[in-house]
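[1] okay, here's the prediction I keep looking at, along with the sequence it came from:
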Amino acid sequence: MQSEPAAGTAYDFVIVGGGSAGSALASRLSADPANRVAVLEAGRPDYRWDVFIHMPAALTFPIGNRHYDWQYESEPEPFLNGRRIYHARGKVLGGSSSINGMIFQRGNPLDYERWAAGPGMAAWDYAHCLPYFRKMETCLAGGDEYRGASGPLVLERGPATNPLFGAFFAAVTQAGYSLTGDVNGFRQEGFAPFDRNVHRGRRLSAARAYLHPVMGRHNLTVACRVFVTKIIFRGRRAVGVEFVRNGTVQRIRGKEIILCGGAINSPQLLQLSGVGEAGLLRGLGIGVVADLPGVGQNLQDHLEVYVQYSSKLPVSVAPALKWRNRPVVGARWLLARSGPGATNHFEGGGFARSNDDVAYPNLMFHFLPIAIRYDGSAPAGGHGYQVHIGPMYSDSRGSVQITSTDPAVHPALRFNYLSTPTDRREWVEAIRIARNILNQPAFDVYNGGELSPGPGVTTDEQILDWVCRDAETALHPSCTCAMGTGEMSVVDPATMRVHGLDGLRVVDASVMPYVTNGNIYAPVMMIAEKSADLILGKTPLPPSAAPFYRRQPAAPPASPG
């Protein structure tokens, strides 16, 4: 493996971005020694000694830190009181998989049926995607027709042994919801311990799972701190990229350029290179290579809030986060990869419907045995617990658009959160359901009162006002270079090529037509695995015949008499 891209080398594949999708693609494409593969990552290496990356409980430290995080912000969101919403994105090898919450959620099988209903998308239904989910994972809870047992991604199920988890699972059944054996198996709907990208007490990022085991391949180059600024075209064929390293502008050639920068970076680079809506490009003085109005459009994400309660009993994990206890927690993790430092704390949760109109669950719950925010801040007081809650398939849509020809200037991000009546309705329903669960008898021994939003927030209007003031992104931007064959699609679902161009493909969260019902890391990795076969011209894995849960409509009431 080389760490310096060779200017005179014609690579078979130049992968722009060493994040989740880029790591998986690089591993699969370089498995054939005849393929020369270069991975260009703008961020830093994921050094093995870096405790902030590899200790699961340290996940709050990289977020917001310029050494690990691109530190994006949205434009003022008109339906969130004009607030700018902070968006963390990984600026390190492994991308956001090196700084995320390590939660592994495939989404609902009906997500992929929804994808497949679009023009040209038939091969992206659940039956065709499930084999690639199985290929990429080793589920320590056991392999079967739904779960893999020999893939690079080792999945440990959350132990969820804290008594607050027991109270939570009891409370959801008291509230009328079901438990499920595996939210990534036959039935997503319900509540259960969660799969996590944690193995033997360490974060298992995409880079650690896919790239590091193959770093010895002589046909693989992985270069960090390489900021790609432009795709080079010869006519309508991509032939290389321009990048900056150590302050010097350089170029390398590639037979195939594959963008894996994610839902923000990939459309940004396309637009900077002349691929996008012609009016936007011409307005910035950029020559149009391909007029593709869908580039940067269709932006989707998950918004979430924290419904937090105080605990009357000292059973939360709050003491582990106190500064005086952190040396002991750190030492235990360093020496034995155990203790509070070895968990992401997102060990359980579930999926439920907010109303009877939806075809499948539209709410996701992450339960934590502590009251805390992503940035590590906690409300005043001691022990507590919370759920992260938010609608999963909002019909709000946004955009990613460059505002400058300078690649270092972040594009304008407009998410338009809460911009539709359905979105606002489901938010009110979500908060009421979360409160209903957390006030069930199972929590009576712990329930010390609601901390957030607080007992003063009761009406629909007050709930929406609190969401507008307090909601944060769940960090799932997606869908800005959507697959399909329609007018606003960007990527051919059969080849992952950008429509109308040769030698240029996109493989990352941006190609989703709709955001999935859950955290998006697992679907991104599935897309990368499936795309690797498409790019290499391999026969796709045969579709699965495994059934999945569909809710049966309620029987009509019996007629009297």
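    That came through, no problem.
[2] the residue nearest to residue 462 when sequence neighbours are not counted: which element?
    Taking Cβ to Cβ, 6 or more residues apart in numbering as the measure, residue 462 lies nearest to residue 456, with 7.5 Å between them; neighbours along the chain are not counted. No exception for glycine: its C-beta is placed from N, CA and C like everyone else's. Element membership of residue 456, judged by DSSP states H and E, is empty: it is in no helix or strand.
[3] do the same with residue 14
    When elements are assigned from DSSP H and E, residue 14 belongs to strand 10-16.
[4] ditto for residue 356
    Assigned by DSSP H and E, residue 356 falls outside every helix and strand.
[5] the strand holding residue 14 - contacts with which helices or strands?
    Helices and strands touching strand 10-16, by 3 or more Cβ pairs under 8 Å, 6 or more residues apart in numbering; DSSP states H and E, are helix 20-29, strand 37-40, strand 237-245, strand 248-259.
[6] show the contacting residues for residue 316.
    The neighbourhood of residue 316, defined by Cβ atoms under 8 Å, 6 or more residues apart in numbering, consists of 162, 164, 369, 370, 371, 382, 383, 384, 385.
[7] which of the residues you listed sit farthest apart?
    162 and 382 (15.3 Å; Cβ to Cβ).
[8] what about these two, which has more around it?
    Between residue 162 and residue 382, counted using other Cβ atoms under 10 Å, residue 162 has the larger neighbour count: 21 against 15.
[9] CA atoms only for the strand holding residue 14, dumped as CSV, please.
    Only the C-alpha atoms of strand 10-16 are listed here, as CSV (Å, rounded to 0.1, in the frame of the first residue of the first chain):
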residue,chain,number,x,y,z
ALA,A,10,-3.2,5.9,-14.5
TYR,A,11,-5.3,4.4,-11.8
ASP,A,12,-8.2,2.1,-12.7
PHE,A,13,-10.3,3.6,-9.9
VAL,A,14,-9.8,6.9,-8.1
ILE,A,15,-12.1,7.0,-5.1
VAL,A,16,-12.8,10.5,-3.8
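[10] now it: how far from the chain's centre is it?
    Average the C-alpha atoms of strand 10-16, do the same for its chain, and the two points are 25 Å apart (Cα atoms, centre = their mean, to the nearest Å).
[11] touching, residue 295 and residue 278? I think so.
    No: counting by Cβ atoms under 8 Å, residue 295 sits too far from residue 278 to count as a contact (10.6 Å).
[12] how many neighbouring residues does residue 170 have?
    Using other Cβ under 10 Å, residue 170 has 15 other residues around it.
[13] tell me which helix or strand comes right after the helix-or-strand element of the chain with minimal mean pLDDT.
    Between all helices and strands in the chain, the lowest mean by mean pLDDT, DSSP states H and E belongs to helix 318-321, at a mean of 69. Going down the chain from helix 318-321, the next helix or strand is helix 326-336, by DSSP H and E.
[14] can you list the helices and strands that that next one packs against?
    Secondary-structure packing of helix 326-336 (3+ Cβ pairs under 8 Å, 6+ apart): helix 51-54.
[15] give the buried residues for the helix it packs on.
    When burial is assessed from 16 or more other Cβ atoms under 10 Å, helix 51-54 yields the following buried residues: 52, 53, 54.
[16] dump these to JSON lines, plus distance to residue 345.
    Shown next, in JSON lines, are the buried residues of helix 51-54 (distance: Cβ to Cβ, whole Å):
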{"residue": "52", "distance to residue 345": "16"}
{"residue": "53", "distance to residue 345": "17"}
{"residue": "54", "distance to residue 345": "16"}
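[17] tell me the helices in the protein, going along the chain?
    When assigned using DSSP state H, the helices of the chain occupy the ranges 20-29, 51-54, 109-116, 126-136, 163-174, 206, 262-272, 278-283, 318-321, 326-336, 421-438, 460-470, 521-536.
[18] correct me, but residue 496 touches residue 536?
    No: using Cβ under 8 Å, residue 496 and residue 536 do not qualify as a contacting pair, with a distance of 11.3 Å.
[19] which one's more surrounded, the two?
    Per other Cβ under 10 Å, whichever of residue 496 and residue 536 has more neighbours is residue 496, with 24 against 13.
[20] what's the spacing between residue 309 and residue 59?
    Taken as Cβ to Cβ, to the nearest Å, the spacing of residue 309 relative to residue 59 amounts to 22 Å.
[21] got it, and residue 3?
    Counting by Cβ to Cβ, the gap from residue 3 to residue 59 is 27 Å.
[22] who's more crowded, the two?
    Regarding residue 3 and residue 59, a neighbour count based on other Cβ under 10 Å identifies residue 59 as having more, with 21 against 11.
[23] can you name the residues that contact that one?
    By Cβ under 8 Å, 6+ apart, the contact list for residue 59 reads 99, 100, 101, 102, 203, 344.
[24] so where's the stretch 101-250 of the chain uncertain?
    Judged against pLDDT under 70, the stretch 101-250 of the chain has no low-scoring part.
[25] so what's residue 341 up against?
    Remark: with contacts taken as Cβ under 8 Å, 6+ apart, residue 341 is in contact with 55, 56, 57, 58, 201, 320, 329, 330, 332, 333.
[26] neighbour-wise, give me the winner out of the residues you listed.
    Sorting the contacts of residue 341 by how many neighbours each has (other Cβ under 10 Å) puts residue 56 first, at 25 neighbours.
[27] so how far is residue 281 from the residue lying closest to that residue once chain neighbours are set aside?
    Among residues not flanking residue 56 along the chain, residue 344 sits closest, at 4.4 Å (Cβ to Cβ, 6+ apart). Relative to residue 281, residue 344 is positioned 41 Å away (Cβ to Cβ).
[28] who has more neighbours, the two?
    Neighbours were counted for residue 344 and for residue 281 using other Cβ under 10 Å; residue 281 has more, 24 against 21.
[29] hang on, isn't the more buried one packed against residue 271?
    Yes: counting by Cβ under 8 Å, a contact exists between residue 281 and residue 271, whose distance comes to 6.5 Å.
[30] residues contacting the nearest residue to residue 408 once chain neighbours are set aside?
    For residue 408, the nearest residue in space outside its immediate sequence neighbours is residue 227; the separation is 7.9 Å by Cβ to Cβ, 6+ apart. Residues in contact with residue 227 (Cβ under 8 Å, 6+ apart) are 42, 243, 244, 245, 407, 408.
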